[in-house]
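K.L.:
Here is my input; please provide its structure:
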Amino acid sequence: MSSEIVTLQEAKSLSTGSKPQVLFVDVRRPDEHKNAIPTTINIPIDTLEEVLKNMTSDEFKAKFGRDKPNFDTEIVFHCHAGGRSTRACKIATDLGYQNVRNFKGGWTEWSSQ
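P.N.:
Have a look, this model is predicted:
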């Protein structure tokens, strides 16, 4: 299954917090997340499966300030240029998340605008 691609325009809309029901996740390393798209939370790709699978809702809320996604929550992943976000989409889909999207242009496309 391939994930739906999010455009730069959609990503800009999400970064305003205009759709708080959408979880916008940066899967880059924490040092890369210093330059971040507004409203994204940082869950590095290496910890994503563990976080989605094993972190309780309370732990998730305490760490990220957002509700832990349900299986039908819209989740948009991004990284630097699309590789890690593509992997993140597969991880989430394999765990049963049904509304997963990919801002494949990532930080590269965002920062060029």
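K.L.:
Next, the buried residues of stretch 64-79.
P.N.:
Burial within stretch 64-79, assessed by neighbour count using 16 or more other Cβ atoms under 10 Å, is assigned to 64, 68-69, 73-79. Just so you know, the C-beta spots here come from the backbone N, C-alpha and C atoms, and that holds for glycine as well.
K.L.:
Phi, psi for the spatially most central residue of the chain please.
P.N.:
Compute the mean C-alpha point of the chain, and by Cα atoms, centre = their mean the closest residue is Val25, 2.1 Å away. Val25 adopts backbone torsions of phi -120, psi 130, taken as degrees, to the nearest 10.
K.L.:
I'd say it and Thr40 touch.
P.N.:
Yes - contact criterion Cβ atoms under 8 Å: Val25 and Thr40 qualify, at 6.4 Å.
K.L.:
quick one: Met55 and Lys63 touch, right?
P.N.:
Yes - at 7.5 Å, Met55 and Lys63 qualify as touching, with contact defined as Cβ under 8 Å.
K.L.:
The two: who's more crowded?
P.N.:
Legend: neighbour count by other Cβ atoms under 10 Å for Met55 and Lys63, higher for Met55 (17 against 13).
K.L.:
What segments of the protein are helices?
P.N.:
8-15, 45-54, 57-64, 83-94, 106-112 (DSSP state H).
K.L.:
Deepest-packed of those helices, please.
P.N.:
Comparing the helices of the chain by mean neighbour count (mean count of other Cβ atoms under 10 Å), helix 83-94 ranks first with a mean of 19.
K.L.:
Quick one: distance of that one to the chain centre.
P.N.:
Offset of helix 83-94 from its chain centre (Cα atoms, centre = their mean, to the nearest Å): 10 Å.
K.L.:
For it, the averaged confidence score.
P.N.:
For helix 83-94, mean pLDDT rounds to 97.
K.L.:
What are the contacting residues of that helix?
P.N.:
Helix 83-94 is contacted by residues 1, 3, 25, 27-28, 45, 48-49, 52, 75, 77-79, 100-104, 106 when judged by Cβ atoms under 8 Å, 6 or more residues apart in numbering.
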